[in-house]
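Engineer: Attaching a predicted model along with its sequence, questions to come.
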Amino acid sequence: MSFKDKVVLVTGGSRGIGRACAVAFAKAGASTVIISYAGNEAAAQETVGLLTAEGAKAESLRFDVSDTAACTSAVEGIVKAHGRLDVLVNNAGMAVDGLVMRVKDEDWDKQLDTNLRGPFALIRAASRPMMKQRGGAIVNITSVVGDMGNPGQAAYSAAKAGLIGLTKTVARELSSRGIRVNAVSPGFIGTDMTAHLNDDLRQKMTEGIPLGRLGNPEEVAQAVLFLSGDASSYITGEVLKVNGGMYM
Amino acid sequence: MSTSAIETKVKGIIADQLGVGEDEIKPESSFIEDLGADSLDIVELVMAMEEEFEVEIPDEEAENIKTVGDAINYITTHKK
């Protein structure tokens, strides 16, 4: 699978699944890999180093995906600088856990803005250049909790379920221009987001996974790479589960 | 901007967006029926005209722009 001459944007690309995706694109020969990050400058620089080591032109852009104006200008800037945008991976996400009766309005809004409105804003901005170039791939990172629900994650699961609906609608709208839109739904993956869980909970969750272990970010990245490239040329509107079988 | 300048620019945008020759673009040409546009083309045309002429074309107005002449008229009327 070659991404030669492709320009790729991965949001939330400084760490975890986003970093693994960015590195996978660089390894697959993408000419330009751009990561966005919200605040961790050191991690972003480290990722840029990893990408450069693979021979890709790499850039990091600092913006918060919950800021729709920032999303729009980021995409416009990329198209202006590189002439195109071939792949958009909406990976940036965040969770504030708490049972529904304790969820604050501002925490609800923040999670919907980051996990759902951000991807919408980036898709809206990217769809125009992709339509003009008559092709492109968009991959949205949703979550197993968007399908299953999860106690303590009302807003996060609602946003991730919403992202699946967004994926399917945009897949239909942009199909005639050769733009494919898919989602990857990771299960329990070992990243900073899951690092804070205690051992008891971790063991309980692992028991529910037929493959008997957590996934790693690279395993999610392979699915993202597949849905971004020609190997999946006849697939759009799909949600690919990468969860070790925890939800089938 | 004169009406004929607007007409020339609008036709240029249409030719560029729809990939049709300027000689095919007549005031009575329907975007969908004569020029082969689909709904995405119409949205792109509207956005391109908004940018070029710095006007805003609300969705309910855009629905009434069905021919090349409709587009030229809209811009002529609303362009400050």
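Structural biologist: Nice, thanks for sending it over. Numbers count the residues shown, from 1 in each chain, chains lettered A, B, ... in the order given.
Engineer: In chain B, what residue spans correspond to strands?
Structural biologist: With DSSP state E, there are no strands along chain B.
Engineer: How about the residues of it by chain A?
Structural biologist: B:38, B:40, B:44, B:47 (Cβ under 8 Å from any Cβ of the partner chain). All C-beta spots, glycine's among them, are computed from the backbone N, C-alpha and C.
Engineer: By neighbour count, sort out the buried ones in the residues you listed.
Structural biologist: B:E44 (16 or more other Cβ atoms under 10 Å in any protein chain shown).
Engineer: Which pLDDT value does the model give the residue most central in space within chain B?
Structural biologist: The C-alpha lying nearest the average C-alpha coordinate of chain B belongs to B:A71 (Cα atoms, centre = their mean; 4.2 Å). Looking at B:A71, its pLDDT stands at 95.
Engineer: ok, it - contacts?
Structural biologist: B:A71 makes contact with B:10, B:14, B:45, B:49, B:65, according to Cβ atoms under 8 Å, 6 or more residues apart in numbering or on different chains.
Engineer: isn't the fourth one right up against B:I13?
Structural biologist: Right, the one you point to is B:M49. Yes - with contacts counted by Cβ atoms under 8 Å, B:M49 reaches B:I13, the gap being 6.1 Å.
Engineer: Comparing these two, which shows the higher neighbour count?
Structural biologist: B:M49 (25 against 19; other Cβ atoms under 10 Å in any protein chain shown).
Engineer: circling back: just the ones of the contacts of B:A71 in helices?
Structural biologist: B:10, B:14, B:45, B:49 (DSSP state H).
Engineer: now the contacts of B:A71 as CSV including pLDDT?
Structural biologist: Formatted as CSV, the contacts of B:A71 follow (pLDDT from 0 to 100):
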residue, pLDDT
B:V10, 95
B:I14, 96
B:L45, 94
B:M49, 94
B:I65, 95
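Engineer: Could you tell me which of the residues you listed count as buried?
Structural biologist: B:10, B:14, B:45, B:49, B:65.
Engineer: which one is the second one nearest to, not counting chain neighbours?
Structural biologist: The shortest distance from B:I14 to any non-neighbouring residue, by Cβ to Cβ, 6 or more residues apart in numbering or on different chains, is to B:I25 (5.5 Å).
Engineer: One more: A:G118?
Structural biologist: A:V65 (3.0 Å).
Engineer: Enumerate every residue touching A:E76.
Structural biologist: A:A125.
Engineer: Put the alpha carbons of the longest helix along chain A into PDB.
Structural biologist: For chain A, the helix with the greatest residue count under DSSP H is helix A:154-174. Taking C-alpha atoms only, helix A:154-174 is exported to PDB below (Å, rounded to 0.1, in the frame of the first residue of the first chain):
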ATOM      1  CA  ALA A 154     -22.600   9.400  28.700                       C
ATOM      2  CA  ALA A 155     -21.200  12.300  26.700                       C
ATOM      3  CA  TYR A 156     -18.300  10.400  25.300                       C
ATOM      4  CA  SER A 157     -20.400   7.500  24.100                       C
ATOM      5  CA  ALA A 158     -23.100   9.800  22.700                       C
ATOM      6  CA  ALA A 159     -20.400  11.800  20.700                       C
ATOM      7  CA  LYS A 160     -18.800   8.600  19.400                       C
ATOM      8  CA  ALA A 161     -22.200   7.200  18.300                       C
ATOM      9  CA  GLY A 162     -22.900  10.500  16.700                       C
ATOM     10  CA  LEU A 163     -19.600  10.200  14.800                       C
ATOM     11  CA  ILE A 164     -20.800   7.000  13.300                       C
ATOM     12  CA  GLY A 165     -23.900   8.700  11.900                       C
ATOM     13  CA  LEU A 166     -21.800  11.600  10.600                       C
ATOM     14  CA  THR A 167     -19.500   9.100   8.900                       C
ATOM     15  CA  LYS A 168     -22.400   7.400   7.100                       C
ATOM     16  CA  THR A 169     -24.100  10.600   6.000                       C
ATOM     17  CA  VAL A 170     -20.900  12.200   4.700                       C
ATOM     18  CA  ALA A 171     -20.000   8.900   2.900                       C
ATOM     19  CA  ARG A 172     -23.300   9.200   1.000                       C
ATOM     20  CA  GLU A 173     -22.900  12.900   0.300                       C
ATOM     21  CA  LEU A 174     -19.400  12.800  -1.100                       C
END
